[in-house]
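Turn this into a structure:
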Amino acid sequence: MQRDCKVLFLSDHIFSFHGGKAYSYEFAYENLAIYAELFGKVKVMARYRDIDRLPPDIPEAEGENVQIIRMENLSTLKSYLNLRRRMAGKIEKELRDAELLIARLPGEIALLGIELASKMGKSILAEVAGCAYDMLRHYGGIKAALYAPIMESRVRRAVKRADAVRYVTDRYLQSRYPPAEGALTASIAGVRLERGDETEVKSARERLESLKGDIVLGTIANIDMRYKGIERALENFALVKREFPCSIYKIGGPGERKRYEALCRRLGVEDSVVFDGVLPSRESVRRWLGGIDIYIQPSFAEGLPRALIEAMGEGCVVVASNVGGIPEVLDEEFIFDIRSRFGLYSKIKTLSRRDDLFDIAMENFRLSRKFTADIMDEKRRAFYEEVRDSFTSTTDEG
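All right, here's what the predicted structure looks like:
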């Protein structure tokens with residue numbers, strides 16, 4: 001395989017289209033360009049939505065050697081009729097010209113692509129970013145919960161078909177979706193922190209050392225994803241408010257907030273919960289986290305949450321659920337059992353009364369240093385080069 005090969009990247013990510021151009025916070029051009037740099041021209045096939053107005057500071061997704069191709073949603077029962085056959089034909093057409101398929105799992109588009117690529121004898125790199133079972137089990141509906149074990153089995157079979165697999169966790173996803181014997185594998189989180197230094201984090205010392213119970217909690221999440229646990233967090237925050245009446249809970253991220261606002265009114269915390277919406281840039285995320293005393297990750301399902309690592313990188317005290325790869329980066333004293341309805345409240349109550357919060361924040365900052373951009377970029381580059389060279393060797397021998 002030569003460096004100017006054609007690569008097909010499949011994902012269920014939803015790109016925003018405006019004025020004929022594709023935009024995305026998660027899959028900005030800079031995040032896709034590394035594939036183009038190492039492999040060649042990249043075509044990305046993913047879901048889309050047309051929008052009338054661009055969100056603030058949303059980056060473009062396309063650029064030199066990166067093209068976005070619109071795909072329909074295959075995650076519905078209707079898609080198993082004509083739509084699925086039509087989308088399969090569309091993928092197959094692009095696969096004919098591609099030398100490598102990169103499939104982001106879990107996702108229906110990626111699963112369909114792996115099935116087709118395997119039949120066509122194409123090389124496959126699977127990127128496992130989350131647990132299909134956990135996500136569907138807590139998606140919010142009975143149909144999704146019933147489908148969860150089926151989807152898990154499908155993803156497991158798809159991973160076994162891959163020539164190379166990248167996981168975002170060190171152990172969790174590897175245990176749920178093991179690779180085929182002989183496949184190239186790597187553990188590379190989807191996080192790239194600013195280098196930073198301890199002097200920036202030390203600015204939080206005065207705030208944390210003067211904490212007297214009334215606290216500012218924060219979560220960054222797409223609140224449309226029920227498995228992010230925002231409802232559970234609000235229920236726990238209502239108890240925090242009884243204990244510490246002046247506390248505030250800030251929520252950053254996209255999604256429809258009406259359902260949560262109604263819950264806030266029922267819980268009597270509507271004046272203490274702030275929905276800040278999309279945080280459009282790394283700098284806005286950093287400023288936002290700078291005002292948080294305790295960052296909480298109440299998820300029912302995760303791979304390794306980027307927002308949690310970013311919070312640690314800004315020197316936040318963090319509390320998170322015991323799902324996915326979270327126990328791989330946090331000590332047990334900062335983790336609550338998601339099966340316990342009010343376990344989050346219990347952890348927050350205990351932490352808020354400690355007098356060593358700044359020491360905890362500094363330790364989190366130091367732990368996060370293994371996720372800095374220079375380290376993560378080098379890990380990505382080394383693995384992708386190994387994949388490229390392996391496929392090159394196979395092609396040359398053929």
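
can I assume Arg166 is in contact with Glu127?
Yes - applying C-beta atoms under 8 Å as the test, Arg166 and Glu127 come out as touching, 4.7 Å apart. Backbone N, C-alpha and C define where each C-beta goes, glycine included.

List the residues that contact His138.
When the contact criterion is C-beta atoms under 8 Å, 6 or more residues apart in numbering, the partners of His138 are 145, 226-227, 229, 300-301.

Show the model's pLDDT score for it.
pLDDT recorded at His138 is 84.

quick check: domain ranges of the chain?
5-192+373-397, 198-370 (automatic domain parsing).

Low-confidence ranges, this structure, go.
For the chain, the stretches flagged by pLDDT under 70 are 1-5, 77-81, 140, 195-213, 392-398.

If you count residues, where's the longest helix of it?
helix 373-397 (DSSP state H).

What segments of the stretch 151-300 of the chain are strands?
Secondary structure of the stretch 151-300 of the chain (DSSP state E, counting those that start in this stretch): strands located at 164-167, 184-187, 216-220, 248-252, 273-277, 294-297.

Could you spell out the sheet neighbours of the fourth one, each with its direction?
Based on DSSP bridges, the strands next to strand 248-252 in the sheet, each with its direction, are strand 216-220 (parallel), strand 273-277 (parallel).

ok, and which of those strands has the densest surroundings?
For the strands paired with strand 248-252, the largest average neighbour count (mean count of other C-beta atoms under 10 Å) is found in strand 216-220, namely a mean of 23.

returning to that earlier point: okay, Arg166 and Glu127: which has more neighbours?
Arg166 (24 against 21; other C-beta atoms under 10 Å).

still on that earlier bit, out of the strands of the stretch 151-300 of the chain, which gets nearest to Leu101?
In terms of C-beta to C-beta, the element of the strands of the stretch 151-300 of the chain nearest to Leu101 is strand 164-167, at 10.6 Å.

partners of that closest one, with directions?
Strand 164-167 is paired, per DSSP bridges, with strand 123-128 (parallel), strand 184-187 (parallel).

got those as TSV, with distance to His18 columns?
As requested, the strands paired with strand 164-167 are arranged in TSV below (distance: least, C-beta to C-beta, whole Å):
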stretch	distance to His18
strand 123-128	27
strand 184-187	35
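
of all those strands, which lies closest to Asp170?
Per C-beta to C-beta, nearest to Asp170 of the strands paired with strand 164-167: strand 184-187, 4.8 Å.

Go ahead and name everything in contact with that closest one.
163-170, 174, 179, 379, 383, 386-387, 390.

List only those of those residues flagged as buried.
163-169, 174, 179, 379, 383, 387 (16 or more other C-beta atoms under 10 Å).

ok, of those residues, which one's closest to Gly253?
Each of the buried ones among the contacts of strand 184-187 was scored against Gly253 by C-beta to C-beta, and Val168 proved nearest at 18.7 Å.

what sits against that closest one?
127-130, 187-190, 303-304, 325.

for stretch 177-194, how far is the first residue from the last?
Using C-alpha to C-alpha, to the nearest Å, the end-to-end distance of stretch 177-194 comes to 31 Å.
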